[in-house]
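> any chance you can model this:
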Amino acid sequence: MKNSAVGMGVVGAGSIGIRAALEHLSLPDVQDRVYLAAVCDPVPGRAEAAAKKYGVKAWYLSYEDLLADPNVDAVTLCSPIGLHYEQALMAIEAGKHIHFNKTMTITLAEADEVIAKAKAKGVKLVASPGMMLYPANQRARRLILEGKLGLLAWALTGAAGVGNYHLNEPVRQGSDVLSNIAPIWYFRKPGGGPQYDVTVYCLHILTGIVGPAKRVTGFSGLLIKEREFRGEKFTCDMDDNTFLVLDFGDAFYAYVYGAVTGHPTVGFQPNIYGTEGAIEGFKFGEMDLTKPSNFEPHQVGPHATMQERHVFEDMMQLVDWIREDKPTIVTAEHARHVIEIIDKGYQAAATGQTQELVTTFETLPLEALAELPTE
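So this is what the prediction gives:
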């Protein structure tokens, strides 16, 4: 469909659906490649309000009705993470290509099934977060492949405090149906907690830079058992304080956290220490890895300053793949490896037994990486 725009179905008009899909894909500069064909949300009035505000062609209360819409060529799953597996299987059966907001699924078994069924049906999968599209992360990998760090010894990465962030997002503080979106699913099983929601970024970056891990062990638990959203208390049952150790082989280990508080690293960026040097956040010594640019390919014009532009990028990777048959480096196989780390990390914490990792993915070769800064 090279000369046609892709009809995108937005599944869920919540925080990520609004900020990542509807706000970006409604802008004029992408209409020649992708348009908002439909939006669905089970909250009465929300999909209708979203369609009116963002110029979406059709709106539905049910996901089944969206999948039946012939204008929908692909879907972006902006629903709670615990729904992604079932919704993916339904989309595959309907022949719709899929962009997953992180994470693709909750378990390795689910990821295996989704990938196998999509392949059999000819459905394309792009699974956020495509963190290796960032030039800074590619430059970090180049440093390692070129031996600038020497022998890799250990790494540190993770995220913290995201529970409070979700409770206080501006999109959740209003009075209308598009701005009163409750985040309670984030604190509940299945699919809630910092591992699936934010540490997934850190793991995509770390494994994208250094390659797949071989084993995982760790500890995990629930620290804050009750929280409050807009004056109403609710109970939490998903772990909010998780700490993993990854074994990459050759005595190279990584400490990975998804914590309630405390954040010793820069953003989602890892610190990686070798015998000859270290990458700390975006810096290698005095070298700034974000220079001369750290924008992904489609982060141009207004998109460069908007929220969730990295998710917009991943959606556009799928759009280009559909229109031009140009595969992306944002692969379901990489997402599956990260899901296995999280899944088996919880298993290790529950059993006290180190878990072997069985998946892998294709890492970026030297010739595909951004060049190092010349200054």
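
> when you work out contacts or count neighbours from here on, use the C-alpha atoms and nothing else.
Noted.

> tell me the domain ranges of this structure?
Following automatic domain parsing, the chain resolves into domains at 6-127, 131-297+331-368.

> can I get the ones you listed in TSV with mean neighbour count, mean pLDDT and distance to Leu318?
Putting those into TSV (neighbours: other Cα atoms under 10 Å; pLDDT from 0 to 100; distance: least, Cα to Cα, whole Å) gives the following:
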stretch	mean neighbour count	mean pLDDT	distance to Leu318
domain 6-127	20	98	6
domain 131-297+331-368	19	96	10
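
> now render the ones you listed as JSON lines, adding distance to Val311.
Output for these, formatted as JSON lines (distance: least, Cα to Cα, whole Å):
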{"stretch": "domain 6-127", "distance to Val311": "6"}
{"stretch": "domain 131-297+331-368", "distance to Val311": "10"}
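
> which of these sits closest to Glu308?
Closest approach to Glu308 among these is made by domain 6-127 (5.0 Å; Cα to Cα).

> how far off centre is the closest one?
Mean-position distance between domain 6-127 and its chain equals 14 Å (Cα atoms, centre = their mean, to the nearest Å).

> the longest strand in this protein is where?
Ordering each strand of the chain by length in residues (DSSP state E) puts strand 152-160 first.

> contacts for that strand next, please.
For strand 152-160, contacts defined as Cα atoms under 8 Å, 6 or more residues apart in numbering pick out 194, 198-199, 202-203, 206, 251-263, 265, 267-275.

> wasn't Ala38 part of a strand?
Yes - assignment of Ala38 by DSSP: H, G, I helix; E, B strand; the rest coil places it within a strand.

> quick one on the thing from earlier: next SSE after the longest strand of the chain?
As assigned by DSSP states H and E, the chain's next helix or strand after strand 152-160 is helix 162-167.

> can you list contacts of the helix or strand just after that following helix?
Once the chain leaves helix 162-167, the next helix or strand it forms, by DSSP H and E, is helix 194. For helix 194, contacts defined as Cα under 8 Å, 6+ apart pick out Ala159, Ala160, Val162, Gly163, Asp240, Asn241, Gly258, Ala259.

> wait, which of these is closest to Ala20?
Val162 (17.9 Å).

> could I get the contacting residues of the closest one?
Counting by Cα under 8 Å, 6+ apart, Val162 makes contact with Pro194, Val198, Val260.

> what residues does the closest residue to the last one other than its chain neighbours make contact with?
Okay, so that is Val260. Using Cα to Cα, 6 or more residues apart in numbering and skipping the chain neighbours, the partner closest in space to Val260 is Gly161 (4.9 Å). Applying Cα under 8 Å, 6+ apart, we find Gly161 in contact with Ala259, Val260, Thr261, Gly262.

> so which elements touch the lengthiest helix in the chain?
Using DSSP state H, we find that the single longest helix of the chain is helix 332-351. Helix 332-351 sits against helix 108-121, strand 125-127, helix 200-210, strand 215-221, strand 355-356, with contacts defined as 3 or more Cα pairs under 8 Å, 6 or more residues apart in numbering; DSSP states H and E.

> could you check how far the third one is from the centre of its chain?
For helix 200-210, the distance from its own C-alpha centre to the chain's C-alpha centre is 11 Å (Cα atoms, centre = their mean).

> that one versus strand 152-160: what angle between them?
Using axes from the mean of the first three to the mean of the last three Cα atoms, to 10 degrees, one finds that helix 200-210 and strand 152-160 are set 160 degrees apart in direction.

> orientation of helix 200-210 relative to helix 332-351 in degrees?
Following the same axes, to 10 degrees, one obtains 120 degrees for the angle between helix 200-210 and helix 332-351.

> contacts for helix 200-210?
Contacts of helix 200-210 (Cα under 8 Å, 6+ apart): 102-103, 129-132, 137-138, 140-141, 144, 157-159, 213, 268-270, 334-335, 338-339, 363-364.

> give me that answer again for 7 Å
Helix 200-210 is contacted from outside by 129, 131-132, 137, 140-141, 157-158, 268-270, 338, 363, using Cα atoms under 7 Å, 6 or more residues apart in numbering.

> and if you look at the shortest one?
Applying Cα under 7 Å, 6+ apart, the external contacts of strand 355-356 come out as Lys214, Arg215, Val216, Thr217, Lys344, Ala348.

> secondary structure element holding the residue nearest to Leu369 when sequence neighbours are not counted?
Nearest non-adjacent residue to Leu369, counting by Cα to Cα, 6+ apart: Gln138, 5.2 Å away. Using DSSP H and E, Gln138 sits within helix 135-145.

> got the phi and psi for Pro190?
When read as degrees, to the nearest 10, the backbone of Pro190 gives phi -90, psi 150.

> for it, give its distance to Gly262.
Noted for Pro190: a distance of 25 Å to Gly262, by Cα to Cα, to the nearest Å.

> do the same with Glu110
According to Cα to Cα, Glu110 and Gly262 sit 32 Å apart.

> and if you look at Gly7?
For Gly7, the distance to Gly262 - Cα to Cα - is 42 Å.

> same question for Pro42.
For Pro42, the distance to Gly262 - Cα to Cα - is 36 Å.

> and the closest residue to Leu125 other than its chain neighbours, which of the three is it?
Beyond its immediate neighbours in the sequence, the residue positioned closest to Leu125 (Cα to Cα, 6+ apart) is Ile98, lying 5.1 Å away. Three-state assignment for Ile98 (three-state DSSP): strand.

> unless I'm mixing things up, Ile98 is touching Lys124, no?
Yes - in terms of Cα atoms under 7 Å, Ile98 counts as a neighbour of Lys124; the distance is 6.4 Å.
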